[in-house]
Structures are given as structure tokens and as C-alpha cells.
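> A structural model of the following input is requested.
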Amino acid sequence: MYFVQPRTVLEWQKKRFRDYWRDLSRTGKPGRPSIAPELIALIWRMWSANPAWGSPRIVLELKKLGIDVAKSTVERYQPKGPRPGSPGWRVFLRMHAKEFAAMDFFVVPTAELKVLFVLDILGHERRRVLHFNVTEHPTAEWTAQQLVEAFPFESAPRYLLRDGDAIYGGKVGGKLRALGIEEVVTAPSSPWQNAYAERLIGSIRREMLDHVVVLNDRHLRRLLKTYVAYYNRWRTHRSLEGDAPDSRPVLPAQPARIAELPAVHGLHHYYLPEAA
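Residues are numbered from 1 along each chain as shown. Alright, predicted model coming up:
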């Protein structure tokens, strides 16, 4: 029999408690569940092939393939090194999304030191590009004709959102009224009021124009045609709960059997299960 001090008994209990939980933790598998090497390779491929993408885009793309992974997991396998408004308006636009389209101009410089003007028209409900065209000399007549081409066969929306640019003269307003469209003009110096069109222009610049030298109007038109096809059919949007403007079905697949297909001349890619 041994006689010890009370503090010794307390130290024994602390050690016993510590040893018990240390041994218990060693028998399990601590940390996040491991993922298959094939999925790691697929995530790395997506990072490498799409330098303009962020982790949310990759998570959404994987969900379209039936693969559910956390954003932190995707970021864990990111390659190292450098990589190339108003609540009232928001409520109004959300309530009228099905009846709203927006249009805006932006400029593109060319290798010939000219400036080209691009008109884009976007549907609010699905963020779908409805029409675009390129010109070196925008006029009210040319712009009015684009509206006719964008909304054939009584497909015109109820409202069209635009800024106060002088190019939208009386001919444009008259054509809109003839099509049964009501103009909604944003306040001066308030691009956030036409946020969807501005966001589209930003995407076109970041995801395509920043990576090419535009030669002329024909070259720009071809580039925009390929980008719009990719944007409408394949590009995922967080605002659409991970879907594309032209809705994409979820296709369950194994990470090792995913085909990588180029879009926009290889600047972007989309992914589909390989045929069995």
C-alpha cells in the first residue's frame, strides 16, 4: 500500500484522461475524408485549363457532372504560383425578370488602331445573350435595326433597360414603341442600374478580349460568336444556381471518365461524361 498526496491523484487522472483520448484518436481517421486520385487530377485539370476561373466556378462545373465537393477542397488543389446598387432597383428587376431585357454598348480597340463598337442585348431571366453585333460607326438607324433582329416574331420583352447614351435617338425610341417595348432609362453615371449588361461586358473582357488581339470587325464578330455560344450553352452562373442560360442537365459520371472539350478557341473548356 502506498500513501500519496491528493495532487498526485489529480495528476494521475489528468494523464489517464489524456492517454485515453490520444489512443482513441489514433485509431480513427482524423481530418477531412480523402478524395480519389482521379478526382484530384480532374480538379487540377480544370484549374490548369481555365486560368480565369475561380473555385466557385469549378465547384459548379463539378456539380453538373454529379460530383459534389467543397469549395475548400477545390482550393486545396489549386496550382501554386501566379495566375494569368439600390435595393429598390433589385426588387423591381427581380419581379420583372421575365419581361426585362437590357442593352449596352462597349468599345474594343483593334490591331489597326481603330475602335469598334459592340452592342449586346441580354435577357434578364436566364442571363441569356439574345443578340450582338459589331460596327465601326454606330448610328440610331443601325441600332434600331438591331432591335428588329433581336426580337423577331413577337418575341419582344415588355421592358428594355438602357442608359442615356445619345446614340439612342428618336429612331430607336420609335422602333421600341413599334415593337411594344417600354424603355427604362438609367440615371446618369449609374452603370449599376444596368448591372446585368455591365456584368456581361465584364465577363466578355475578362474571359476573352483580355487574351486576344482583335484584328478587325470580322475577327471580332467571329470571336464573339464563339464566346456567346459557350456563354449561353455551357457557362455556369451562381445566380442561376449553377446552371447555364440554356439549361444544362446534371450528368452523373466518374472523375476518371470525363472528356474535356475546348470552347472559345481553347480559352475555356466544358466537361462531359465519356461514352461507355
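
> so where is the stretch 51-200 of the chain shaky, pLDDT-wise?
83-94 (pLDDT under 70).

> quick one, helices of it?
55-64, 71-76, 87-95, 140-150, 170-178, 195-207 (DSSP state H, counting those that start in this stretch).

> Figure out which of these is closest to Phe17.
Smallest distance to Phe17 across the helices of the stretch 51-200 of the chain (Cβ to Cβ): 31.9 Å, for helix 71-76. Just so you know, the C-beta spots here come from the backbone N, C-alpha and C atoms, and that holds for glycine as well.

> Who are the packing partners of the closest one?
helix 55-64 (3 or more Cβ pairs under 8 Å, 6 or more residues apart in numbering; DSSP states H and E).

> what does the helix it packs on contact?
42-43, 46-47, 50, 68-71, 74-75, 78, 236, 238, 242, 248, 250-251, 270-271 (Cβ atoms under 8 Å, 6 or more residues apart in numbering).

> Give me the buried positions along it.
Of all the residues in helix 55-64, those buried under the rule 16 or more other Cβ atoms under 10 Å are Ser55, Arg57, Ile58, Val59, Leu60, Glu61, Leu62, Lys63, Lys64.

> cool, and stretch 150-159?
Ala150, Phe151, Ala156, Pro157, Tyr159.

> quick one: which of these is nearest Asp217?
Among those, and counting by Cβ to Cβ, the member closest to Asp217 is Ala150, at 18.8 Å.

> JSON lines for the buried residues of helix 55-64, including distance to Thr226?
Below are the buried residues of helix 55-64 laid out as JSON lines (distance: Cβ to Cβ, whole Å):
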{"residue": "Ser55", "distance to Thr226": "25"}
{"residue": "Arg57", "distance to Thr226": "19"}
{"residue": "Ile58", "distance to Thr226": "22"}
{"residue": "Val59", "distance to Thr226": "25"}
{"residue": "Leu60", "distance to Thr226": "21"}
{"residue": "Glu61", "distance to Thr226": "19"}
{"residue": "Leu62", "distance to Thr226": "24"}
{"residue": "Lys63", "distance to Thr226": "25"}
{"residue": "Lys64", "distance to Thr226": "20"}
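
> circling back: just name the most buried of the helices of the stretch 51-200 of the chain.
helix 55-64 (a mean of 20; mean count of other Cβ atoms under 10 Å).

> Could you give the separation of that helix from the chain centroid?
From the chain centre to the centre of helix 55-64 is a distance of 10 Å (Cα atoms, centre = their mean, to the nearest Å).

> and what of stretch 38-46?
For stretch 38-46, the distance to the chain centre is 20 Å (Cα atoms, centre = their mean).

> Residues touching that stretch, excluding its own?
With Cβ under 8 Å, 6+ apart, stretch 38-46 has contacts from 53, 58, 61-62, 67, 69, 73-74, 77, 79, 254-256, 258, 260, 269, 271.

> okay, now Arg222: neighbour count?
13 (other Cβ atoms under 10 Å).

> re earlier: so for Asp23, which of the helices of the stretch 51-200 of the chain sits nearest?
So among those, helix 71-76 is nearest, using Cβ to Cβ, at 29.0 Å.

> By residue count, tell me the biggest helix in this structure.
helix 6-27 (DSSP state H).
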